[in-house]
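S.K.: How does the following fold in three dimensions:
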Amino acid sequence: MAHIYFDLSELYLSSGVKFRYYGIARTVMEVAYELTKLDPDVGYVVYSPLHGHFFEVTPRVGGNSPTGVLDHGLPPSATPVRLRESLYDNNPAKAAVYWLARKIVDYRNRRRWATIPQGHVRPVDLNGQILVSLGRPKIMSDYLTALEKNGAKFSFVPLLHDMMPLHDFSGKPGFKPQRNFLHDNTVVVGAAAMILANSRFTENEVLDFSARGILPPAPKVVATPLCHELRPSEEPVVKRSPVARYLLCVGTNTGRKNLECVVEALLSLRERGEDIPDLVLAGARRKSVDRYLKSARFAPLAGKVHFVFNPNQAELAELYRNAFAVVLPSFMEGWGLPVSEGLWCGAPALAADVPAVREAGGDLALYFDPRQPAELAKIISHLQADEAGYAALKAKIAAARPVLRTWRDVAADILAALKSLA
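M.R.: A predicted model of the protein is given here:
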């Protein structure tokens, strides 16, 4: 029977603070943690760009890990510099620059690899085995290209999180899919023995783009939906909301993430003379958000918008628990973690009425058309005015907690799919 190896390269190649709480990195971390409990035979590997192949590692788990969940067990000093494995156009000038860049990157990565203590990495032969990856396609496509050159033959099972860069959210003529994303997913789908999807919506997206010839013919696609659970963390809570009554948006930006809808809803409430809750934006700092909110149009909201940058897991959980409501206004998501995590923490969720977010929110969330800020404003107004109704909604969410989906459920579904392939 083929052995299952779980890819931790997403954590190894992106060890900085910027990616520590990124949704895909969190998914890799949480599923790997649960797999260590479900099946002790699963192996854990990282890809080394310097060597062009994988090494087995022993992850640190739970209290032994700086994350409190799981990490790859290697020192931060060993984090490699990433450079695309190869160019996919025939520009001689680019090829010359790339050749030089590769020499420099290899030199730096050799020094970084040397900081790994002896015995912390072990060469692994993937031939005839199963490799499952939940990371970003850009990382997968790099190592798939390198391993193909080396003649490695194994069963590759990626989990795909979304196809959003293949959609046009701008409405401008002449739209072209994001080139790198399309290239990376073409490599990934073409190499896959089976594909996992983080929602039934993403499953249908993969099959649709494959049927239309935008992606290669897809093998079997299995939906293993993400979950609601936000694992307790022992991390210190330093960053808190500066206000008592607030709407919470997590990772919200302008454009596809549609911060515009939330702001316009608050403006409309103010124009009608209604009290409005403050708005807390949690996540990475975005220049596009700073520019957007500096517009004179939003002067009436001065002092009402607050930022909590890069909260850790414990801080995020507290933000959810204390929020008047969590708002996810996106035009499209692969799943919708802010909605599912918010519900897990007992917060009412106000969500865009789009397929994947419906999967995350079920019958617990309140939905609005993301193109109609007035609908969101109406829900906010109603929740503020109807204290009994708001309390009943909170009670309904709390009563549903025992049946909400957990990371153990996700890991078990993935493991069942992998064993069926084996």
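S.K.: So which bits of stretch 239-251 are buried?
M.R.: Using 16 or more other C-beta atoms under 10 Å as the test for burial, stretch 239-251 gives 239, 241, 246-251. Every C-beta, even on glycine, is put in place using the N, C-alpha and C of the backbone.
S.K.: ok, which pair from the residues you listed is furthest apart?
M.R.: Greatest spatial distance in those: Lys239 and Leu247, 17.3 Å, computed using C-beta to C-beta.
S.K.: Leu269 is in contact with Ile276, correct?
M.R.: Yes - taking contacts as C-beta atoms under 8 Å, Ile276 lies within contact range of Leu269: 4.7 Å.
S.K.: Tell me the residues that contact both of these two, please.
M.R.: Ile380 (C-beta atoms under 8 Å, 6 or more residues apart in numbering).
S.K.: Please verify my assumption that Leu11 contacts Val31.
M.R.: No - contact criterion C-beta under 8 Å: Leu11 and Val31 do not qualify, at 11.5 Å.
S.K.: for the stretch 1-150 of the chain, which spans come out with low pLDDT?
M.R.: Applying pLDDT under 70 to the stretch 1-150 of the chain picks out residues 1, 15-22, 85-90.
S.K.: can you give me the helices for it?
M.R.: Along the stretch 1-150 of the chain, the stretches classed as helices by DSSP state H, counting those that start in this stretch are 9-13, 17-20, 23-38, 92-113, 137-149.
S.K.: contacting residues around the longest one?
M.R.: Contacting residues not belonging to helix 92-113 are listed as 48-51, 77-81, 83, 87 [C-beta under 8 Å, 6+ apart].
S.K.: buried ones in it?
M.R.: Within helix 92-113, judged by 16+ other C-beta under 10 Å, the buried ones are 105, 109, 112-113.
S.K.: so how far is it from its chain's centroid?
M.R.: With C-alpha atoms, centre = their mean, to the nearest Å as the basis, helix 92-113 stands 29 Å off its chain's centre.
S.K.: Between the two ends of stretch 153-168, how far is it?
M.R.: One end of stretch 153-168 sits 36 Å from the other (C-alpha to C-alpha, to the nearest Å).
S.K.: quick one: buried residues of that stretch?
M.R.: In terms of neighbour count (16+ other C-beta under 10 Å), stretch 153-168 has its buried residues at 154-167.
S.K.: where along the stretch 201-350 of the chain do the helices fall?
M.R.: Here the stretch 201-350 of the chain has its helices, by DSSP H, counting those that start in this stretch, at 259-271, 287-293, 313-322, 337-344.
S.K.: and Gln118, how many neighbours?
M.R.: For Gln118, the neighbour count with other C-beta atoms under 10 Å is 5.
S.K.: ugh, typo on my part, it should be Ala223
M.R.: Residues lying near Ala223 (other C-beta under 10 Å) number 18.
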